[in-house]
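# Just a sequence and a predicted model for now, questions to come.
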Amino acid sequence: EDQVTQSPEALRLQEGESSSLNCSYTVSGLRGLFWYRQDPGKGPEFLFTLYSAGEEKEKERLKATLTKKESFLHITAPKPEDSATYLCAVQASNGQNFVFGPGTRLSVLP
Amino acid sequence: DGGITQSPKYLFRKEGQNVTLSCEQNLNHDAMYWYRQDPGQGLRLIYYSQIVNDFQKGDIAEGYSVSREKKESFPLTVTSAQKNPTAFYLCASNTDRRNTGELFFGEGSRLTVL
């Protein structure tokens, strides 16, 4: 069964304090791994897709990396506006659907 | 602007009532999805549709029904058979029938059963 776990469940950072969020997955062949940002009461907003181990993608203060078992979302010098829940999802190569993790709730304090 | 529109944003229902959540997209996407989100859990798939007049059950379809009469529209009915319907409901779409690529989400509908 395809599974996604995320850690930590919640993370509190001071503004400028860099850190990483983890997404661990088990899937029967990976078609893609996706990162989303979700603000309270809103729908998730797409951030990145990673397809193969070793791949990296960056957007502003965020950088996503992928290995065969996990993905990291690195946040460099975060700002309060980076506060949100970050969701990770995988899609199996033999499947049509996406499996989502429970998310990491990030709070960045000024 | 292209996107997915869900309505209503908030909905209150008495026990025993059916309610329908609307989802409309103008992205010309083939595939559409309904997810349920509960605190501390990942999004769970209720139903999905890859083409007009066809849809498949997801992991938690019991107590829900859908239709796909138009490419742009994928309404979800929460029936009285759904035991615990209070949740945040998200509609999504993506670009082709093979479901490759990222999902685009609406803003969600929060259903509360009184």
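Structure's in. What do you need? Numbers count the residues shown, from 1 in each chain, chains lettered A, B, ... in the order given.

# Which residues of chain B lie near chain A?
When proximity is defined by C-beta under 8 Å from any C-beta of the partner chain, chain B lies next to chain A at B:4, B:6, B:35, B:40-45, B:48, B:50, B:58, B:90, B:92, B:98-108, B:110. The C-beta positions use only the backbone N, C-alpha and C, and glycine is treated the same way.

# can we see that at 7 Å?
Residues of chain B found near chain A (C-beta under 7 Å from any C-beta of the partner chain) are B:40-43, B:45, B:48, B:58, B:90, B:99-100, B:102-103, B:105-108.

# Look at residue A:41 and say how many residues are nearby.
The number of residues packed near residue A:41 is 11, by other C-beta atoms under 10 Å in any protein chain shown.

# one step back: nearest to residue A:80 among the residues of chain B next to chain A?
residue B:107 (22.1 Å; C-beta to C-beta).

# close enough to count as contact, the closest one and residue A:41?
No. Using C-beta atoms under 7 Å, residue B:107 makes no contact with residue A:41, being 8.1 Å away.

# helix/strand/coil for residue B:34?
strand (DSSP: H, G, I helix; E, B strand; the rest coil).

# Skip the chain neighbours and tell me the closest residue to it.
residue B:46 (4.3 Å; C-beta to C-beta, 6 or more residues apart in numbering or on different chains).

# per-residue confidence at the nearest residue to residue A:67 once chain neighbours are set aside?
Computed as C-beta to C-beta, 6+ apart, the closest residue to residue A:67 that is not its neighbour in sequence is residue A:53, at 5.3 Å. At residue A:53, the model reports a pLDDT of 94.

# Residue A:53 in helix, strand or coil?
coil.

# Counting by contacts, list what the one helix or strand the residue nearest to residue B:34 maps to packs against.
Applying DSSP states H and E as the criterion places residue B:46 in strand B:44-51. If contacts are counted by 3 or more C-beta pairs under 7 Å, 6 or more residues apart in numbering or on different chains; DSSP states H and E, strand B:44-51 sits against strand B:31-37, strand B:54-57, strand B:64-66.

# contact partners of that strand?
Residues outside strand B:44-51 that contact it (C-beta atoms under 7 Å, 6 or more residues apart in numbering or on different chains) are A:97, B:30-36, B:55-61, B:64, B:66, B:68, B:74, B:76, B:97.

# and it with strand B:31-37, angle?
170 degrees (axes from the mean of the first three to the mean of the last three C-alpha atoms, to 10 degrees).

# Describe which strands strand B:44-51 pairs with in its sheet and in which direction.
Taking DSSP bridges as the criterion, strand B:44-51 forms sheet pairs with strand B:31-37 (antiparallel), strand B:54-57 (antiparallel).

# and the last one, how far from the chain's centre?
The reference is to strand B:54-57. On the basis of C-alpha atoms, centre = their mean, to the nearest Å, strand B:54-57 sits 12 Å off its chain's mean C-alpha point.

# Which helix or strand contains the residue lying closest to residue B:104 once chain neighbours are set aside?
Closest residue to residue B:104 apart from its sequence neighbours, by C-beta to C-beta, 6+ apart: residue B:93 at 5.4 Å. Per DSSP H and E: residue B:93 is located in strand B:87-94.

# I'd like to know how many residues surround the closest residue in space to residue A:56 that isn't next to it in sequence.
Excluding the flanking residues, the one nearest residue A:56 by C-beta to C-beta, 6+ apart is residue A:65, at 5.0 Å. Residues near residue A:65, counting by other C-beta under 10 Å, number 18.
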